[in-house]
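Trainee: The sequence isn't on hand, but the structure is:
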């Protein structure tokens, strides 16, 4: 008996898999029969059709996929329970079946009547959308071969099982077997397939890591169920850019795409309020303006609290240390709370300057001018480092009516005149930036 995997080093990952069919030959060649025989071809002789993407009918979803669904691709969509994965896919299936062709929606968690009731609430009309309540992967594959749909949706991969294994659905062997069979069917018949995946407590996709390696695209459906905004983020995409972002708003009629997220996130901003700064961030290829809020108050306990929502906690602690060391701002006995309004999560270091500005604004109880936007990375020496895609950030801020953009000086020197206008103010150090923001 072994408790630790010799490949990845993880503990308690070994599971027992019992194969019903004792014929090793039939098991070993079950996948080769599903694929058509092929011969090697020179790379220069392979023909590539550039117009093969199929739109789902939801612009934000197509943006994350890189422009649409690629035929024969395998897509994995994961997210917290109740976040809206089934709602989004049902809406996409309805649009896809109406514009492209028939769609097979196989669900192992809901019956046909439950899916139909959700479709009626979402306003799904008469379209060639086939509903199937099935958990056996062999049966699903047979229905795919019979219907020959243009799109297959399996909700979810953790509920599907194969008759070749006696383990329960959701186990490592069952998930790997179901995903592999769907992969070969999708590639052999050139049918795009979307799989819904469960997530664990830490937010990662449940099941073996090979599940993410097998698929062509991995999408995460993020957001707080208490907020109305949802985010679909691509972390792997063989046919498009990664870190792309799609924003949706949850309503009674389902998920609605948000074409202008900057106006949405800044709609409730209090102009001139202390502790508020506007950040120019970029997610994938999309620039957005977000409000960074900070509240600094005297601590009533022995240890000061540092709380961050929407940004990295350790990053906030580092920025506060830079303020104390380089600027002389005393924050030892102060509670510091930082929040990105709207429930968004910002991972890039270009948000440092806006976080620092919001904290200093709250400490001094002086609000920034309402026409100022910021971006830039703050180093440990107090220098302002450059940020990528400065032109996109500046253009988005100018379109939203911001007259001045405080940014790293290196970006103003590297960018062209078209990308950076005279409204941009380049700064090299943190002291220089604070002198401009708080004259």
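Mentor: Received the coordinates, thanks. Source: prediction; values computed, not measured.
Trainee: which strand of this protein spans the most residues?
Mentor: Ordering each strand of the chain by length in residues (DSSP state E) puts strand 286-298 first.
Trainee: Can you list the strands that the following helix or strand past that strand pairs with?
Mentor: Past strand 286-298, further along toward the C-terminus, the next helix or strand under DSSP states H and E is strand 306-309. Strand pairing for strand 306-309, using DSSP bridges, gives strand 334-340 (parallel).
Trainee: residues making contact with the strand it pairs with?
Mentor: Under the criterion Cβ atoms under 8 Å, 6 or more residues apart in numbering, residues 279, 290-299, 304-311, 316, 320, 346, 355, 358-359, 363 lie in contact with strand 334-340. For every residue, glycine as well, the C-beta is placed using N, CA and C.
Trainee: Could you report the neighbour count for the closest residue to residue 241 other than its chain neighbours?
Mentor: Of all residues not flanking residue 241 in the chain, residue 284 sits nearest, at 5.8 Å (Cβ to Cβ, 6 or more residues apart in numbering). By the criterion of other Cβ atoms under 10 Å, residue 284 has 18 neighbours.
Trainee: Pull the contacting residues for the closest residue to residue 147 other than its chain neighbours.
Mentor: In this structure, residue 147 finds its nearest non-sequential neighbour in residue 104, 5.7 Å apart by Cβ to Cβ, 6+ apart. Counting by Cβ under 8 Å, 6+ apart, residue 104 makes contact with 130, 132, 143-144, 147, 149, 151-153.
Trainee: Just the buried ones among the residues you listed, please.
Mentor: Buried members of the contacts of residue 104, counted by 16 or more other Cβ atoms under 10 Å: 130, 132, 144, 147, 149, 151-153.
Trainee: Among those residues, which ones are in helices?
Mentor: Of the buried ones among the contacts of residue 104, the ones assigned to helices by DSSP state H are 144, 147.
Trainee: neighbouring strands for the longest strand of the chain, and are they parallel or not?
Mentor: Counting by DSSP bridges, the strands paired with strand 286-298 are strand 276-283 (antiparallel), strand 334-340 (antiparallel).
Trainee: Distance from the chain centre to the last one, please.
Mentor: Counting by Cα atoms, centre = their mean, to the nearest Å, strand 334-340 is centred 25 Å from the centre of its parent chain.
Trainee: Kindly report the same for the longest one.
Mentor: Its chain's C-alpha centre lies 18 Å from the corresponding centre of strand 276-283 when counted by Cα atoms, centre = their mean.
Trainee: what's the longest helix in the chain?
Mentor: The longest helix of the chain (DSSP H) is helix 172-189.
Trainee: Next SSE downstream of that helix?
Mentor: Following helix 172-189 in sequence order, the next helix or strand is strand 193-197 (DSSP H and E).
Trainee: Please list the outside residues in contact with that next one.
Mentor: With Cβ under 8 Å, 6+ apart as the test, strand 193-197 has contacts from 69, 73-78, 85-86, 89, 151-158, 179, 182, 185-186, 205-207, 211, 215.
Trainee: List the strands paired with it, with their directions.
Mentor: Strand 193-197 has its sheet partners listed here by DSSP bridges as strand 74-79 (parallel), strand 151-155 (parallel).
Trainee: the inter-axis angle of that strand versus helix 172-189?
Mentor: Comparing the axes of strand 193-197 and helix 172-189 via axes from the mean of the first three to the mean of the last three Cα atoms, to 10 degrees yields an angle of 160 degrees.
Trainee: Strand 193-197 - what's its average pLDDT?
Mentor: The average pLDDT within strand 193-197 is 95.
Trainee: continuing past that strand, what's the next helix or strand?
Mentor: Downstream of strand 193-197, the next assigned helix or strand under DSSP H and E is helix 210-214.
Trainee: and that following helix, what does it pack onto?
Mentor: Where contact means 3 or more Cβ pairs under 8 Å, 6 or more residues apart in numbering; DSSP states H and E, helix 210-214 is packed against strand 74-79, helix 172-189.
Trainee: in the helix or strand that that helix is followed by, what counts as buried?
Mentor: Next helix or strand after helix 210-214 toward the C-terminus (DSSP H and E): strand 217-222. Buried positions in strand 217-222, judged by neighbour count with 16+ other Cβ under 10 Å: 217-222.
Trainee: wait, doesn't residue 165 sit right on residue 177?
Mentor: Yes - with contacts counted by Cβ atoms under 8 Å, residue 165 reaches residue 177, the gap being 6.4 Å.
Trainee: picking up where we left off before, how about the buried residues of strand 217-222 in JSON lines, adding pLDDT?
Mentor: Formatted as JSON lines, the buried residues of strand 217-222 follow (pLDDT from 0 to 100):
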{"residue": "217", "pLDDT": "95"}
{"residue": "218", "pLDDT": "95"}
{"residue": "219", "pLDDT": "95"}
{"residue": "220", "pLDDT": "93"}
{"residue": "221", "pLDDT": "91"}
{"residue": "222", "pLDDT": "86"}
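Trainee: Show me which residues of the longest strand of the chain are buried.
Mentor: Across strand 286-298, burial judged by 16+ other Cβ under 10 Å covers 286-296.
Trainee: Going by distance to residue 249, which of these wins?
Mentor: The nearest member of the buried residues of strand 286-298 to residue 249, counting by Cβ to Cβ, is residue 288 at 14.6 Å.
Trainee: and residue 291, what are its bridge partners?
Mentor: According to DSSP bridges, the residues that bridge with residue 291 are residue 278.
Trainee: Before we move on, what's the pLDDT of it?
Mentor: Residue 291 is assigned 96 on the pLDDT scale.
Trainee: Same question for residue 165.
Mentor: Residue 165 is assigned a pLDDT of 86 by the prediction.
Trainee: Would you quantify the distance from the nearest residue to it once chain neighbours are set aside to residue 162?
Mentor: Distances taken as Cβ to Cβ, 6+ apart place residue 173 nearest to residue 165, at 5.2 Å, with adjacent residues excluded. From residue 173 over to residue 162 the distance is 8 Å, taken as Cβ to Cβ, to the nearest Å.
Trainee: before we move on, what about residue 96?
Mentor: 27 Å.
Trainee: the more surrounded of these two?
Mentor: Legend: neighbour count by other Cβ under 10 Å for residue 96 and residue 162, higher for residue 96 (29 against 21).
Trainee: Hmm, that one is touching residue 153, no?
Mentor: No - with contacts counted by Cβ under 8 Å, residue 96 stays clear of residue 153, the gap being 9.3 Å.
Trainee: I am finished for the moment; much appreciated.
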